[in-house]
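[1] using only what follows, build the 3D model:
(chains A, B, C and D)
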Number of protein chains: 2
Amino acid sequence: MRHPYTALHTFHLVVRFQSLKHTADHLHLTESAVSHQIKRLEAQLGYSLFYKSGRQLKTTPEGKRLSLELSAPFDHIDQILSEPKNTTHNTITLYCLPSLIEFWLLPRLLKFKAEHPNYELIIKYHSSSPDYLDEHSLRIGSHEQESHTPYIRSKILSGETIPVCSPIYMNRQHVFSSKDLLETDLLHDHTEEGWRNWFALQGLTLNKPTQLVYEDFHLLKMATIAAQGVALCPEALIQEDLKSGTLIALSTKRSNIGHYYAIEQNKYAHTNINTLVEYLI
Amino acid sequence: MRHPYTALHTFHLVVRFQSLKHTADHLHLTESAVSHQIKRLEAQLGYSLFYKSGRQLKTTPEGKRLSLELSAPFDHIDQILSEPKNTTHNTITLYCLPSLIEFWLLPRLLKFKAEHPNYELIIKYHSSSPDYLDEHSLRIGSHEQESHTPYIRSKILSGETIPVCSPIYMNRQHVFSSKDLLETDLLHDHTEEGWRNWFALQGLTLNKPTQLVYEDFHLLKMATIAAQGVALCPEALIQEDLKSGTLIALSTKRSNIGHYYAIEQNKYAHTNINTLVEYLI
DNA sequence: AATATACATGACAAAAATTAATGAGATTCA
DNA sequence: TGAATCTCATTAATTTTTGTCATGTATATT
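    Now for the predicted structure:
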């Protein structure tokens, strides 16, 4: 079944206000309506979100966690819908995979801006699947070819990943084979899928729980440099660190999670985008 | 009125599948139901999202923009709800304002990790209002005191902002007074509110449109260093750059947007959090 | 104690979403 | 060419969801 987005939104407001009454006023509903929404949501989720302490409402630990995480995406949606559509015809919106922005896009983009000062650019982080682009937009990320779409895909970087760590960590924890890696501190972003995959390619199975979780590649890389453990990084994004020795490759085995591409609607639809893509490739 | 979150979710699926039929199957609904949802949504938003080209559905430019931006928060919600609640009793979740992570939190945290290797930490980006914490969580950000809550707030950094630019930009565009700043390229993150505020404090009004928009402080700072214009930065986060001269302050006038705090549920509720906070302050 | 506050509950009503039936264009292909 | 098919639109009926009202319970205030 689909997630009850409206009820989840109500729930996050209730946690914010710590009051059904206040939330009801805010939404122009009765207390009863809000109470019912919460009860229904609790039933669907299978755990309780609030309990009563006196006539005060208290949030359960699970409720706190949920609301804390839910507030970001709901605020995000509200922001998107309230955003003015200030699309000057010269404006290009560039949706880019977060990990690529810092280590690949930004240096190039700034050089580009210096040479083409008239371009108006909006840069947005974007991780999920390609979706659909208009003629003022450009996407950069790792996406498989959607055979049925009319989009132009240009490869910009290899997506091959290798395990790396800092020299300090290397000295502490000697790694001679892929198998030895199973004994190290495996760092990863929001999913350890990459590691499972990599070990599977070596005929090994990862079943140890991993310790530190980082929300994005930037945090992950910083932690690796600081000798927290071993991370699986796209080789193309850590060239500098491998050269300078801040990071050391622990294996020559690469797992290929696909490459990075620039995706645009149509090469000839928008000359500004055309120019930008030519520059970036 | 409240945003129709469910319809928005349906809409983003329709764009993803480029088909009412496919979306209907996915949601276990009839085509008709999906069609109605979209029509209602279009009526509410006041603009059309699709048009028919042959028997194929095409997305309007506004629809494309909307769906592109909507996919991230909806994916986020789905991820939150599918996440296992793997809260070991030793795990601390640290919710931090994105701008603080790189320039303030991470260096300290990594030192902390080195000294306390047994701590299990999950770090998450979090921008919005404080909401409610459980005893395994810690928030770091700029939040006003909520007088009625039982939370402990410890100030960690000043939030005062000043206008800065790179030396190269400084040479190009001479700035002698606050008023001169109105003629420069004003860089900002997702809102130009900060600038309006700063100019208002100097008795000036900003009505020029701003050019380049960055989604977060990290992008903003990089662009400023690359001589794209003038940015309003929290002084505490660019100390190093001011010292080294990569960034130069263009005024001594500061606008105070509040300070940065560590917020925890209760100083004595969780000794691990206690230790961590003591270390960070 | 009396009164007010905050939430819960159940029966019912209102509103909203979904379906079913039908239709209109567009494509496919025999 | 024209019959079959495909995709979405539309209308009216129906079902489901959501909200309201009346009432109840526990807690706090005076």
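[2] run through the stretch 1-150 of chain A and note the low-pLDDT ranges.
    Residues of the stretch 1-150 of chain A that meet the criterion pLDDT under 70 lie in A:84-89, A:117, A:128-132, A:144-150.
[3] helix or strand: which one has A:Ser48?
    In this assignment (DSSP states H and E), A:Ser48 forms part of neither any helix nor any strand.
[4] enumerate every residue touching it.
    A:Glu42, A:Thr60, A:Glu62, A:Gly63 (CB atoms under 8 Å, 6 or more residues apart in numbering or on different chains). In this view, the C-beta of every residue, glycine as well, is placed from N, C-alpha and C.
[5] and for the last one, the neighbour number?
    Okay, so that is A:Gly63. 24 (other CB atoms under 10 Å in any protein chain shown).
[6] sec struct for it, please.
    Under DSSP: H, G, I helix; E, B strand; the rest coil, A:Gly63 falls in the helix class.
[7] I figured it was touching A:Phe50, is that so?
    Yes - the criterion here is CB atoms under 8 Å, and A:Gly63 meets it with A:Phe50 at 6.2 Å.
[8] give me the element A:Gln44 is part of.
    Using DSSP H and E, A:Gln44 sits in helix A:31-45.
[9] try A:Pro163
    Assigned by DSSP H and E, A:Pro163 falls in strand A:160-165.
[10] so how far is that strand off the chain centroid?
    A distance of 19 Å separates the centroid of the chain from that of strand A:160-165, by CA atoms, centre = their mean, to the nearest Å.
[11] sheet partners, orientation included, of the helix or strand following the helix holding A:Gln44?
    Next along the chain after helix A:31-45, taking DSSP H and E as the criterion, comes strand A:50-53. If you go by DSSP bridges, strand A:50-53 pairs up with strand A:56-59 (antiparallel).
[12] what's in contact with the strand it pairs with?
    Under CB under 8 Å, 6+ apart, the answer for strand A:56-59 is A:Val14, A:Val15, A:Gln18, A:Ser19, A:Leu20, A:Leu49, A:Phe50, A:Tyr51, A:Lys52, A:Ser67, B:Tyr132.
[13] what does stretch A:93-105 give?
    A:87, A:109, A:121-127, A:136-142, A:156-157, A:216-218, A:234, A:236-238, A:260, A:276, A:280, B:65, B:68, B:218-219, B:222.
[14] just the ones of these in helices?
    A:Leu109, A:Phe217, A:His218, A:Leu276, A:Leu280, B:Arg65, B:Leu68, B:His218, B:Leu219, B:Met222 (DSSP state H).
[15] need the residues you listed in a markdown table with distance to DNA strand C and neighbour count, can you?
    Below are these laid out as a markdown table (distance: CB to the nearest atom of the strand, whole Å; neighbours: other CB atoms under 10 Å in any protein chain shown):
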| residue | distance to DNA strand C | neighbour count |
| --- | --- | --- |
| A:Leu109 | 39 | 25 |
| A:Phe217 | 37 | 21 |
| A:His218 | 39 | 20 |
| A:Leu276 | 32 | 22 |
| A:Leu280 | 34 | 17 |
| B:Arg65 | 23 | 21 |
| B:Leu68 | 23 | 25 |
| B:His218 | 38 | 20 |
| B:Leu219 | 37 | 23 |
| B:Met222 | 43 | 17 |
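[16] for those, which one is nearest A:Gly203?
    Distance to A:Gly203, by CB to CB, is smallest for A:Phe217 among the ones in helices among the contacts of stretch A:93-105, at 26.9 Å.
[17] do I have it right that that closest one meets A:His188?
    No - A:Phe217 lies out of contact with A:His188 (CB under 8 Å); the separation is 10.2 Å.
[18] quick check: residues of chain A near DNA strand C?
    A:18-22, A:31-32, A:35-36, A:38-39, A:50, A:52, A:55-57 (CB under 7 Å from any atom of the strand).
[19] ok, which pair from the residues you listed is furthest apart?
    Going by CB to CB, the pair spanning these furthest: A:His36 and A:Gln56, at 19.8 Å.
[20] between these two, tell me which one has more neighbours.
    Ranked by neighbour count (other CB under 10 Å), A:His36 and A:Gln56 place A:His36 first, with 13 against 8.
[21] burial measure for A:His116, as a count.
    13.
[22] so what's it up against?
    Contacts of A:His116 by CB under 8 Å, 6+ apart are A:Thr275.
[23] now A:Gln44
    A:Gln44 neighbours (CB under 8 Å, 6+ apart): A:Met1, A:Pro4, A:Ala7.
[24] what's the closest non-adjacent residue to the first one?
    Just to be clear, that refers to A:Met1. In space, and not counting its chain neighbours, A:Met1 is closest to A:Gln44: 7.7 Å by CB to CB, 6 or more residues apart in numbering or on different chains.
[25] how close does that neighbour get to DNA strand D?
    Separation of A:Gln44 from DNA strand D (CB to the nearest atom of the strand, to the nearest Å): 9 Å.
[26] can you tell me the closest non-neighbouring residue to A:Leu237?
    Per CB to CB, 6+ apart, closest to A:Leu237 is A:Phe103, 4.6 Å.
[27] quick one: low-confidence ranges for the stretch 151-281 of chain A?
    A:209-212, A:266-270.
[28] strands of that one, start to end?
    Shown for the stretch 151-281 of chain A, the strands assigned by DSSP state E, counting those that start in this stretch span residues A:152-157, A:160-165, A:186-187, A:230-234, A:248-249, A:255-256, A:260-264.
[29] possible to save these as a markdown table with mean neighbour count?
    Putting those into a markdown table (neighbours: other CB atoms under 10 Å in any protein chain shown) gives the following:
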| stretch | mean neighbour count |
| --- | --- |
| strand A:152-157 | 16 |
| strand A:160-165 | 22 |
| strand A:186-187 | 24 |
| strand A:230-234 | 26 |
| strand A:248-249 | 16 |
| strand A:255-256 | 15 |
| strand A:260-264 | 22 |
